[in-house]
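Q: what follows is a predicted protein model with its sequence.
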Amino acid sequence: MRALCVAMLALASCRAAPGAREGDGGRPESASRTLELVIRPLADGETGLVVRCGKLITCDAEDTIFAPGVLVVRNGRIEAAGERCDAVPKGFEVLEFPDATVAPGLVDLHTHIHSGSFADVNDMVLPVNPEFRTSPAIVPGNRMIRRGLAGGVTTLFGIPGSGTSMSGFGVLYKSKLDTTYDEAVIADPGGLKVAEDSNPQREAGDFGVGRGALAWIIQDVNDRAKASIRAGSDDPGLANLRKIHTKELPVLIHTAGSEGIVNTARMWRVSNDTRSTLSHGCFDAWKTSPAVIAIGMTVNNGPRTIEWFSSREGRVIGISAEYLKNGARNLSMNTDSPVVPQEELALQSAMSSRYGADGLTMLRALTIHPAIAFGIDDRVGSLEPGKDADLIVWNGWPLDPRSRVELAVIDGSVEYDRARDGQIF
């Protein structure tokens, strides 16, 4: 089915391209004003980069698109974005892509490729493991991360698998290749991974593997963490879980199916008021989305982007389109890599666009929306002054499966160059 969908995507995703003006909600090509940038010269020790392109998609709050576009980077951070820049001071590296589209680096909140294999993904002795972290297993710049970067992915949340109901704390990191752990990591811990339904029911430790027992065990450890906060105690096994209940850290919950997301929403937003995001939300979960969205849950859809198993409507249903129709805010997409290869993250949004979701909204679902959901939108997710210079140069509209990545820049440094490194994906 996926192969058939991919074959149909080229025409569908073209309609979503801003240049085609279909499927992008009628948003403007550029800001209402023309910005001719004046660049301040580099001071001693500073580095600078200027990227000129045919189209610059910022993914800011106004969905500003500059055509043509110019992005100015100083010391790894974005300094300005606009339409023209005639004079470039000495010392700035200038990259010219007159026929290309520049967009923010893509963000994936549900990935398992941090070790470069499926090793070190699950530890399944007890059904809840809030003391675990993925940080010891991360191998920066591994072959899977490299391929993901060639597909435009610059920020990932590397998390444990779903073998247990509370699998541990993941790390937010960047797809830098020749780097150290400290240089790649944005936040450690970056958030908690929880799994409800199906997966942990198969093998969540040595007791309590039914849905009811697992729910009780999760709530019990949450109650212990909250009691620890009230008592001011210092249990090291609950140290990071306490940060979930003080809202210092977010929680990503693996859950799918209509009964699954309802139970998850009740636990993590009603019983426990946390910064929580539903991850997967597949199969018929969209049918209960109005209730879930009403209590403020954000959704991270994938790897399944369409649903036909449980439908009685005689059609293939675009899951993201249904969430958006019901008012979902900050909807994001995932690959659950390597379930879907990391380099195919853009294809996840292309599929969603093919099945009814707005094209530019689905680009935001790969950029600013996941950044907002996890509280890192001050650094990544859009091309705005002050943010990290994480950008991708595409030879076409990013959600067109015919498009390829020409250049990937992270923190102002070129990490992948198709002309230099060869086409990896």
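A: Looks like it came in fine.
Q: residues in contact with His369?
A: 298, 330-332, 381 (C-beta atoms under 8 Å, 6 or more residues apart in numbering). C-betas here are computed from N, CA, C, even on glycine.
Q: and with 6 Å instead?
A: 330-332 (C-beta atoms under 6 Å, 6 or more residues apart in numbering).
Q: now Val72: which helix or strand?
A: strand 69-74 (DSSP states H and E).
Q: mind listing what that strand pairs with, with the direction of each?
A: Strand 69-74 sits in its sheet next to strand 48-57 (antiparallel), strand 77-82 (antiparallel), going by DSSP bridges.
Q: gap between the helix or strand just after the longest one and the chain center?
A: Put plainly, it is strand 48-57. Sequence-wise, the next helix or strand downstream of strand 48-57 (DSSP H and E) is strand 65-66. On the basis of C-alpha atoms, centre = their mean, to the nearest Å, strand 65-66 sits 22 Å off its chain's mean C-alpha point.
Q: quick one, longest helix in this structure?
A: In the chain, ranked by residue count with DSSP state H as the criterion, the top helix is helix 211-231.
Q: could you give the mean pLDDT of that one?
A: The average pLDDT within helix 211-231 is 91.
Q: after that helix comes which helix or strand?
A: Next element after helix 211-231 (DSSP H and E): helix 239-245.
Q: for that next one, packing partners?
A: helix 211-231 (3 or more C-beta pairs under 6 Å, 6 or more residues apart in numbering; DSSP states H and E).
Q: tell me which residues are up against the helix it packs on.
A: Residues outside helix 211-231 that contact it (C-beta under 6 Å, 6+ apart): 127-128, 165, 200, 208, 235, 238, 241-242, 245, 272.
Q: buried stuff in it?
A: 214-215, 217-218, 221-222, 224-226, 228 (16 or more other C-beta atoms under 10 Å).
Q: could you dump the residues you listed into JSON lines and include distance to Asp178?
A: Shown next, in JSON lines, are these (distance: C-beta to C-beta, whole Å):
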{"residue": "Leu214", "distance to Asp178": "42"}
{"residue": "Ala215", "distance to Asp178": "45"}
{"residue": "Ile217", "distance to Asp178": "42"}
{"residue": "Ile218", "distance to Asp178": "40"}
{"residue": "Val221", "distance to Asp178": "40"}
{"residue": "Asn222", "distance to Asp178": "41"}
{"residue": "Arg224", "distance to Asp178": "43"}
{"residue": "Ala225", "distance to Asp178": "39"}
{"residue": "Lys226", "distance to Asp178": "43"}
{"residue": "Ser228", "distance to Asp178": "41"}
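Q: relative to Ser349, which of these is nearest.
A: Proximity of those to Ser349, judged by C-beta to C-beta, is greatest for Ile218, which lies at 30.9 Å.
Q: quick one, what contacts the closest residue to Gly327 other than its chain neighbours?
A: Once flanking residues are discounted, Gly327 sits nearest to Ile293: 5.2 Å by C-beta to C-beta, 6 or more residues apart in numbering. Residues in contact with Ile293, defined by C-beta under 6 Å, 6+ apart, are 326-328.
Q: again, but for Val185
A: 171, 173.
Q: phi first, then psi, for it.
A: Here the main-chain torsion angles of Val185 (degrees, to the nearest 10) amount to phi -80, psi 130.
Q: can you show me the helices along the stretch 301-425 of the chain?
A: Per DSSP state H, counting those that start in this stretch, the stretch 301-425 of the chain carries helices over the ranges 319-325, 345-354, 359-364, 368-373, 418-421.
Q: where does this structure have low pLDDT?
A: 1-35, 199-209, 310-312 (pLDDT under 70).
Q: how near is Asp234 to Arg242?
A: Going from Asp234 to Arg242 by C-beta to C-beta, to the nearest Å gives 9 Å.
Q: then Asp197?
A: From Asp197 to Arg242 the distance is 25 Å (C-beta to C-beta).
Q: quick one: which of these two has more around it?
A: More crowded of Asp197 and Arg242, by other C-beta atoms under 10 Å: Asp197, with 22 against 19.
Q: looks to me like the more buried one is in a strand.
A: No: under DSSP: H, G, I helix; E, B strand; the rest coil, Asp197 falls outside any strand and is assigned coil.
Q: for Cys53, state which of the contacts of Ile293 is nearest.
A: Ala328 (30.6 Å).
Q: does that closest one really touch Val299, like I thought?
A: Yes: Ala328 is within contact range of Val299, at 5.5 Å (criterion: C-beta atoms under 6 Å).
Q: fine, thanks again, bye for now.
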